[in-house]
Structure formats: structure tokens, C-alpha cells
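Student: Okay, predicted coordinates and the sequence, questions at the end:
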Amino acid sequence: MVPTAKKELRKLVSDTTVEIYEELTPQLIHLINETKNNRSLTEAQKQDEILLHMVGYVKSCTNEIIIEVLSEILGLEDEKA
């Protein structure tokens, strides 16, 4: 769907955002659990690592949202391997 109004673009971005965040959440949870169970880190180090995981998660989600929305608008296809 190529949006022709801001409302349509907003819906496309919102729908894509929900999809991407849900898709990438299991990876974040896995990283957080690994960090929490890492006995070689102090509690402060664990919190720092978790913060880095969260920042990376938001960055990854943002990049994927931009790519997906632009691909939809421009009619781009995935590359064939």
C-alpha cells in the first residue's frame, strides 16, 4: 500500500512498528536473560549491559521500521539469495 495521505502513512508506520517490535522482542529477552545469569558480572555491570541491549534493540527496530516502510512505499522486493 502506498499511502496518499498523512493518516495512511501514520497507520503504515504504526502497524510496521508494532510488527517489528514484536518480531525482535524475543532476541532482546534472550540477551537480557543471558546477562542476568552471567555470574562473572557485578549487578552494576549487568545493568549497564542490559541498557546497551535496550539501546541496540531500539536502534535495530528503528532501522527495520524505516526499511520496511520505505520498501512498501517504493515497491522494493527482498533480494533473492
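Tutor: All right, it came through fine.

Student: so which helix or strand takes in the residue nearest to the spatial centre of the chain?
Tutor: With the centre of the chain defined as its mean C-alpha position, the nearest residue by C-alpha atoms, centre = their mean is Cys61, 1.9 Å away. For Cys61, the host element (DSSP states H and E) is helix 43-74.

Student: Buried residues of that helix, list them for me.
Tutor: 46, 49, 53, 57, 61, 64-65, 68-69 (16 or more other C-beta atoms under 10 Å). Glycine gets a C-beta too; all of them are placed from N, C-alpha and C.

Student: mind putting those in TSV, distance to Asn33 and pLDDT included?
Tutor: Formatted as TSV, the entries for the buried residues of helix 43-74 read as follows, by distance: C-beta to C-beta, whole Å; pLDDT from 0 to 100:
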residue	distance to Asn33	pLDDT
Lys46	11	98
Glu49	12	98
His53	10	98
Tyr57	14	97
Cys61	19	97
Glu64	22	97
Ile65	25	98
Glu68	27	96
Val69	31	97
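
Student: got these as JSON lines, with distance to Asp78 columns?
Tutor: Formatted as JSON lines, these follow (distance: C-beta to C-beta, whole Å):
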{"residue": "Lys46", "distance to Asp78": "37"}
{"residue": "Glu49", "distance to Asp78": "32"}
{"residue": "His53", "distance to Asp78": "27"}
{"residue": "Tyr57", "distance to Asp78": "23"}
{"residue": "Cys61", "distance to Asp78": "19"}
{"residue": "Glu64", "distance to Asp78": "13"}
{"residue": "Ile65", "distance to Asp78": "16"}
{"residue": "Glu68", "distance to Asp78": "11"}
{"residue": "Val69", "distance to Asp78": "15"}
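
Student: so which of these would you say is closest to Leu9?
Tutor: Val69 (8.0 Å; C-beta to C-beta).

Student: Compute the distance between the closest one and Gly75, please.
Tutor: Noted for Val69: a distance of 12 Å to Gly75, by C-beta to C-beta, to the nearest Å.

Student: try Met54
Tutor: For Met54, the distance to Gly75 equals 33 Å [C-beta to C-beta].
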